[in-house]
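**Q** Got a predicted model here, sequence first, then my questions.
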Amino acid sequence: MTSAVLVQGLYRQLEHFIRVAEGLRAAGVDLVAPELHRGSLTADTAAVQAAVDVLAEPPLVLGHSCRGSVITRLSGVGRLMSLAAFVPDTGESATDLRGASAELKAAIEPQTDGSTRLDAGRAVDALYADRPGRLAPGAAGLLRAQAAGCRLGVPERQSWKHAPSVYVVCTRDRAIAPALQQVMAAHCDSVRESETGPPFVGQPDLVIDLVLELLDASDAPGGAGRGITTTL
């Protein structure tokens, strides 16, 4: 497998994954990162499914945060990688699973049109508390508003039942409680633990290295191994 799709989380933009994307492309990965924030789970899923469908082979699909619900609905994927992401089961939505931290809830600002955005100052504490120097406020400044329907919707398909999957538990995440991550990780074939918040901003090499490892494992007999828990 040599292709991958990046699916950014709620409030994030593609720029949050830019260093991951650059590293993967430099390593020869055929990478697609569709623009989301299309107003609903259905619309976001359609955009990602279109990206999957144009690739020459079933790709590895990396999803973060609430966009785990998007990758859960996909078909034709080679492997799923849930990075501190929701992994809903039959009849569940990201909203049903809850798990938002007090810091994240405090950062959410409802808008008059029904959308929400994050206060940039409070978002640093909620999302990037373990990021050094200028990285945290820079990443918080890239956050964008989300339409009311982005977190709603129950995936009618659970891709992790049909494709190999790995869950990356971020033990210092302040957006999705690590305890909830561990529960959702039980749906996946293998689990990795990173003693960070989601590392794509401050430690992109952790994400790059794991994606490349999983791509290589997809070509090896036995794949990445079932039921394995390791630390990044």
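**A** On my side now, so go ahead.

**Q** Pop out the phi and psi values for residue 88.
**A** Backbone torsions of residue 88, given as degrees, to the nearest 10, read phi -70, psi 150.

**Q** residues in contact with residue 58?
**A** 1, 52, 76-78, 163 (C-beta atoms under 8 Å, 6 or more residues apart in numbering). Glycine gets a C-beta too; all of them are placed from N, C-alpha and C.

**Q** hmm, 10 Å instead?
**A** For residue 58, the contacting residues are 1, 3, 52, 74-79, 163, 218, by C-beta atoms under 10 Å, 6 or more residues apart in numbering.

**Q** Need the nearest residue in space to residue 170, chain neighbours excluded.
**A** Closest residue in space to residue 170, ignoring its immediate chain neighbours: residue 84 at 4.2 Å, by C-beta to C-beta, 6 or more residues apart in numbering.

**Q** Tell me if I am right that the one you found is in a strand.
**A** Yes. Under DSSP: H, G, I helix; E, B strand; the rest coil, residue 84 sits within a strand.

**Q** Pass me the low-pLDDT residue ranges in the chain, would you?
**A** Counting by pLDDT under 70, the chain shows low-confidence ranges at 99, 129-134, 149-152, 219-232.

**Q** Tell me which stretches of it form strands.
**A** Listed in chain order, the strands of the chain (DSSP state E) span 3-7, 30-32, 60-65, 79-85, 108-110, 116-118, 165-170, 190-194, 229-231.
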